[in-house]
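*Asks:* Here is a sequence with its predicted model. Questions after.
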Amino acid sequence: MKLTLEGLRDTAAWQKAGIELPGYDPAELAEKTKENPVWVHFGIGNIFRVFTGSIADRLLEQGLMESGIICVESFDYEVVDKNYRPYDNLSLNVILHADGRVDRKVIGVFSEAVKARTDCAGQWQRLKEIFRSPSLQLVTFTITEKGYALKNENGEYYPFALKDIEQGPENVTSVPAILAAMLKERFEAGRTPLALVSMDNCSRNGETLRNAVLTIAEAWHKAGRVNDDYMAYVSDENTVAFPWTMIDKITPRPSEAVAADLEARGLENMHPVITAKQTFIAPFVNAEGPQYLVVEDHFPNGRPPLEKAGVYMADRETVNKAERMKVTVCLNPIHTALTTYDCMLGYDLFADGMHDPELAELARQVGYVEGMDVVPDPGILSPKAFLDELFEERFPNRYLGDTSQRISVDISQMTAIRFGETIKAYVQKYGSAERLTALPLAITGWLRYMLAVDDNGEPFELAPDPRGKKSGNTCRHTSVWDIRKKSGISCGRSSAMPASSA
């Protein structure tokens with residue numbers, strides 16, 4: 001069996017393999033999408049395919065959408081060449097439940113894959129055509145927080161950003177500059193409104209995206225490359241909107257075990273590959289079942305009925321509270337607090353660390369005790385219920401196979417965001433942060449982790465981090481046990497559990 005349009009024709013084989021097929025025709029959908037594009041997405045990796053793609057898939061299965069998603073890649077073009085075109089833009093979602101159940105479904109909503117390259121005339125022209133279309137309603141993004149950055153920590157433009165500013169709309173490379181150029185096309189084609197929707201896991205993501213696009217646009221305006229009317233168009237959020245969002249779904253890298261299972265079921269060419277830019281991809285995506293998306297309901301050219309696919313549509317204040325609930329209290333701080341200890345104690349999977357009684361207690365202190373005391377309540381989601389699901393189903397899910405090494409990527413940039421809001425809230429509520437114990441322990445663990453020496457004194461590889469240092473530091477270190485004992489949280493050392501191979 002092949003994951004191609006031709007391969008889907010043998011429906012009996014797919015049914016025998018336990019894999020659900022789309023209830024719509026992906027080829028017919030692609031034709032409709034080409035004629036009337038509605039939805040474009042930048043950053044076409046794993047989280048997009050398993051989460052954003054599943055939203056469109058649900059709407060199509062219910063007959064609530066008539067076009068698919070146009071997939072745009074602006075960073076790692078190998079993803080298009082190796083993960084989309086060989087499979088006719090089809091993908092396979094593999095949902096790994098905590099009780100061992102597995103759901104498998106082919107997703108056919110990805111109607112076209114385009115490379116955002118000015119040096120590829122055909123692809124660049126196609127992108128212009130898409131953005132000129134009045135039917136286009138929304139452009140979504142999962143490009144990571146780094147994808148919006150134009151300046152370094154000193155406030156200086158990165159070289160690529162300077163080049164984008166100096167060379168103008170016809171020779172751009174960064175997503176903010178590509179968007180500024182595409183908005184110029186849309187402006188010149190009739191000034192039809194549009195929503196640009198960041199779905200990246202960062203605070204005030206809509207504001208971050210807007211600031212990046214306007215930075216490029218204003219620089220071009222100053223240089224005389226765009227006029228006043230264009231600036232009025234992109235600056236008015238009633239014509240070009242930047243809704244805020246909160247997104248949540250744990251999506252590990254593609255699993256070799258899942259690939260082997262799929263091939264045993266008869267599918268060909270399922271094993272993951274790593275691109276030259278270190279993107280981990282496969283024809284499938286493995287992820288957990290739970291997922292949450294809260295979106296500010298501001299779409300000046302209309303939108304698909306996202307709420308019919310489980311999306312929470314809300315106002316900006318509610319989105320901001322939901323994002324703060326997740327990123328600063330309920331999920332990400334616990335990930336960041338435990339993952340460094342996992343690495344030092346030899347736990348490969350995050351779920352294995354959660355089965356260590358002392359680390360589980362640290363997680364509970366971070367979330368239920370210190371976090372819940374100051375958690376923002378978005379109203380549409382219960383922070384307590386959200387946290388309960390994390391502890392009872394999501395965090396202990398060994399079948400998910402999510403590694404602490406993955407969670408530790410770029411950790412130095414996450415620490416202040418994920419712990420800082422709670423610290424500031426304690427200062428505001430109690431006059432100081434002296435009541436906090438778990439968060440200081442988490443920060444101490446991060447600093448100890450940066451030595452790149454495990455609890456047995458052996459060097460280990462740090463996760464990639466632009467502010468990090470190379471592993472192999474053999475300087476004298478404090479043991480993780482000493483740190484936990486001094487914190488007052490631990491009540492006795494537990495024996496380490498072996499890493500799961502699930």
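*Replies:* Good, I have the coordinates.
*Asks:* from here on, contacts and neighbour counts on C-alpha atoms
*Replies:* Noted.
*Asks:* could you pull out the helices for the stretch 101-250 of the chain?
*Replies:* Here the stretch 101-250 of the chain has its helices, by DSSP state H, counting those that start in this stretch, at 121-132, 159-167, 175-188, 205-222, 228-235.
*Asks:* Show me what the third one is packed up against.
*Replies:* Think helix 175-188. Packing partners of helix 175-188 (3 or more C-alpha pairs under 8 Å, 6 or more residues apart in numbering; DSSP states H and E): helix 121-132, helix 205-222, helix 228-235.
*Asks:* one step back: switch the helices of the stretch 101-250 of the chain over to JSON lines; also include distance to residue 449, mean pLDDT and mean neighbour count.
*Replies:* Formatted as JSON lines, the helices of the stretch 101-250 of the chain follow (distance: least, C-alpha to C-alpha, whole Å; pLDDT from 0 to 100; neighbours: other C-alpha atoms under 10 Å):
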{"stretch": "helix 121-132", "distance to residue 449": "44", "mean pLDDT": "97", "mean neighbour count": "18"}
{"stretch": "helix 159-167", "distance to residue 449": "32", "mean pLDDT": "96", "mean neighbour count": "16"}
{"stretch": "helix 175-188", "distance to residue 449": "33", "mean pLDDT": "98", "mean neighbour count": "22"}
{"stretch": "helix 205-222", "distance to residue 449": "29", "mean pLDDT": "97", "mean neighbour count": "20"}
{"stretch": "helix 228-235", "distance to residue 449": "44", "mean pLDDT": "98", "mean neighbour count": "16"}
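*Asks:* Nearest to residue 413 among those would be which one?
*Replies:* helix 205-222 (15.5 Å; C-alpha to C-alpha).
*Asks:* Show residues contacting the closest one.
*Replies:* Here helix 205-222 makes contact (C-alpha atoms under 8 Å, 6 or more residues apart in numbering) with 148-150, 164-165, 168, 176-177, 179-180, 196-199, 226-228, 231, 234-235, 242-245.
*Asks:* one more time with 7 Å, if that's ok
*Replies:* With C-alpha atoms under 7 Å, 6 or more residues apart in numbering as the test, helix 205-222 has contacts from 148, 165, 168, 176-177, 179-180, 197-198, 226-227, 242-245.
*Asks:* Most widely separated two among those residues?
*Replies:* Maximum distance among the contacts of helix 205-222 (C-alpha to C-alpha): 30.7 Å, for 227 and 245.
*Asks:* returning to what we had before: who wins for proximity to residue 250 among the helices and strands packed on helix 175-188?
*Replies:* Of all those, it is helix 205-222 that lies closest to residue 250, at 18.5 Å by C-alpha to C-alpha.
*Asks:* Which of residue 227 and residue 245 has more residues huddled nearby?
*Replies:* Each of residue 227 and residue 245 has its neighbours counted (other C-alpha atoms under 10 Å); residue 245 has more, 30 against 15.
*Asks:* How much space separates that one from residue 202?
*Replies:* 9 Å (C-alpha to C-alpha, to the nearest Å).
*Asks:* What of residue 314?
*Replies:* 18 Å.
*Asks:* What's the per-residue pLDDT of the residue lying closest to residue 201 once chain neighbours are set aside here?
*Replies:* Closest residue in space to residue 201, ignoring its immediate chain neighbours: residue 247 at 6.3 Å, by C-alpha to C-alpha, 6 or more residues apart in numbering. With respect to pLDDT, residue 247 has a value of 96.
*Asks:* how about residue 247, what does it touch?
*Replies:* So residue 247 contacts 199, 201, 292-294 (C-alpha under 7 Å, 6+ apart).
*Asks:* out of those residues, who's nearest residue 72?
*Replies:* Nearest to residue 72 out of the contacts of residue 247 is residue 199 (C-alpha to C-alpha; 14.7 Å).
*Asks:* As PDB, could you dump the C-alpha coordinates of the longest helix belonging to the chain?
*Replies:* Ranked by residue count, the top helix of the chain under DSSP state H comes out as helix 411-430. Written as PDB, here are the backbone C-alpha positions of helix 411-430 (Å, rounded to 0.1, in the frame of the first residue of the first chain):
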ATOM      1  CA  ILE A 411      15.000  26.100  27.200                       C
ATOM      2  CA  SER A 412      17.000  29.200  28.200                       C
ATOM      3  CA  GLN A 413      14.500  31.300  26.200                       C
ATOM      4  CA  MET A 414      11.600  29.700  27.900                       C
ATOM      5  CA  THR A 415      12.600  29.900  31.600                       C
ATOM      6  CA  ALA A 416      11.700  33.500  32.200                       C
ATOM      7  CA  ILE A 417       8.400  33.300  30.300                       C
ATOM      8  CA  ARG A 418       7.200  30.100  32.000                       C
ATOM      9  CA  PHE A 419       8.200  31.000  35.600                       C
ATOM     10  CA  GLY A 420       8.300  34.800  35.500                       C
ATOM     11  CA  GLU A 421       4.600  35.500  35.400                       C
ATOM     12  CA  THR A 422       3.900  33.400  38.600                       C
ATOM     13  CA  ILE A 423       6.800  35.100  40.400                       C
ATOM     14  CA  LYS A 424       5.500  38.500  39.400                       C
ATOM     15  CA  ALA A 425       2.000  37.500  40.500                       C
ATOM     16  CA  TYR A 426       3.300  36.400  43.900                       C
ATOM     17  CA  VAL A 427       5.100  39.700  44.400                       C
ATOM     18  CA  GLN A 428       1.900  41.600  43.500                       C
ATOM     19  CA  LYS A 429      -0.300  39.500  45.700                       C
ATOM     20  CA  TYR A 430       2.000  38.900  48.700                       C
END
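*Asks:* Could you look up the next helix or strand downstream of that helix?
*Replies:* Note on helix 411-430: by DSSP states H and E, the next helix or strand toward the C-terminus is helix 438-449.
*Asks:* any residues touching stretch 142-153, and which ones?
*Replies:* The contact list for stretch 142-153 (C-alpha under 7 Å, 6+ apart) reads 42-43, 48, 157-158, 161, 175-176, 198-200, 202, 209, 212.
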